[in-house]
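>>> sequence unknown, structure follows:
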């Protein structure tokens with residue numbers, strides 16, 4: 001079992017930046033690939049980015065490539081999502097997730113544990 005707590009969300013103007021953090025506790029952090037998903041009102045939860053156990057492999061949704069960067073600090077049991085050049089369409093609740101596998105996937109079903117989410121609102 002692993003517990004995930006997101007932080008760093010907030011209100012930002014279009015073009016601005018935010019950094020989300022997800023702190024993990026419980027089982028060994030390096031046992032899990034990590035991912036970020038988001039859910040806008042009235043929409044399905046969608047994959048944003050993922051990172052492998054070691055941090056050596058990452059993947060991104062096309063909509064955020066070149067603007068978002070995922071990273072992890074295994075010594076601090078934390079995964080980050082640096083979000084730059086934010087757009088109003090990035091507005092959503094952002095969720096951190098842990099997958100009991102080496103490489104991160106883009107499907108919700110591949111993830112075993114989820115955080116409660118943090119709200120990101122981008123104003124135009």
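Done, it's in. If you're wondering where the values come from, they're calculated on a predicted model, not measured in any experiment. Numbers count the residues shown, from 1 in each chain.

>>> dump the residue contacts of residue 113.
Counting by C-beta atoms under 8 Å, 6 or more residues apart in numbering, residue 113 makes contact with 1, 2, 3, 4, 32, 97, 98. Using the backbone N, CA and C atoms, a C-beta is placed for each residue, glycine as well.

>>> let's see it at 6 Å
Residue 113 sits next to 2, 4, 98 when contact means C-beta atoms under 6 Å, 6 or more residues apart in numbering.

>>> show me the residues around the first one that make contact.
What it means is residue 2. 24, 26, 27, 98, 113.

>>> ok, now the second one?
By C-beta under 6 Å, 6+ apart, the contact list for residue 4 reads 22, 24, 96, 113, 115.

>>> gap between residue 12 and residue 73?
Using C-beta to C-beta, to the nearest Å, residue 12 is found at 23 Å from residue 73.
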